[in-house]
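Novice: Quick one: sequence and predicted model below, then my questions.
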Amino acid sequence: MTDTTEEPLYDILIPPGVPRSIIIDIGNRFDVKVVKRNEKLTFANMDGDVRELLAFRGKLEIMQQVEKELYDQLKKFIEK
C-alpha cells in the first residue's frame with residue numbers, strides 16, 4: 001500500500017501595499033505560489049468586509065523562511 005497523502009500547504013497573507021518588487025523577488029527565490037484569498041477584515045470601518053488579498057503558498061519549512069524574508073524586506077523598504 002502506498003501513502004498518497006501530500007504534505008499540507010500553508011499561506012502567508014501579503015499585507016496590502018507591499019511593493020510588487022518584493023512579491024516578485026520572493027516568488028522567484030522561493031518554492032512558493034502567489035495565490036488569491038478572500039479574507040474578512042476586522043478593523044476600522046471595514047469590519048466584516050471581504051477583500052481579495054494575495055498570499056504566498058508553500059510547505060511549512062519554506063513558508064517560515066518566506067515570512068522572515070518578507071518582513072526583513074518590508075523593514076528595509078520602510079526605513080528608506
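Specialist: Nice, I can see it. What you see is a predicted model; the values in this text were computed from it and never measured. Residues are numbered from 1 along each chain as shown.
Novice: quick one, longest helix in the chain?
Specialist: Longest helix in the chain, counting residues (DSSP state H): helix 60-79.
Novice: Can you spell out which helices and strands pack onto that helix?
Specialist: strand 10-13, helix 20-29, strand 50-58 (3 or more C-beta pairs under 8 Å, 6 or more residues apart in numbering; DSSP states H and E). Using the backbone N, CA and C atoms, a C-beta is placed for each residue, glycine as well.
Novice: between the ones you listed, which one is nearest to Thr42?
Specialist: Of all those, strand 50-58 sits nearest to Thr42, with 11.0 Å by C-beta to C-beta.
Novice: got the contact list for the closest one?
Specialist: 9-14, 16, 23, 26-27, 30-41, 63, 66, 70 (C-beta atoms under 8 Å, 6 or more residues apart in numbering).
Novice: Between helix 20-29 and it, find me the angle.
Specialist: Orientation check (axes from the mean of the first three to the mean of the last three C-alpha atoms, to 10 degrees): strand 50-58 against helix 20-29 gives 40 degrees.
Novice: what comes up buried for strand 50-58?
Specialist: Within strand 50-58, the residues scored as buried using 16 or more other C-beta atoms under 10 Å are 53-58.
Novice: and if you look at stretch 21-32?
Specialist: So for stretch 21-32, counting by 16+ other C-beta under 10 Å, buried means 22-23, 26, 32.
Novice: rewinding a little: buried ones in the longest helix of the chain?
Specialist: Buried, per 16+ other C-beta under 10 Å, within helix 60-79: 62-63, 66, 69-70, 73-74.
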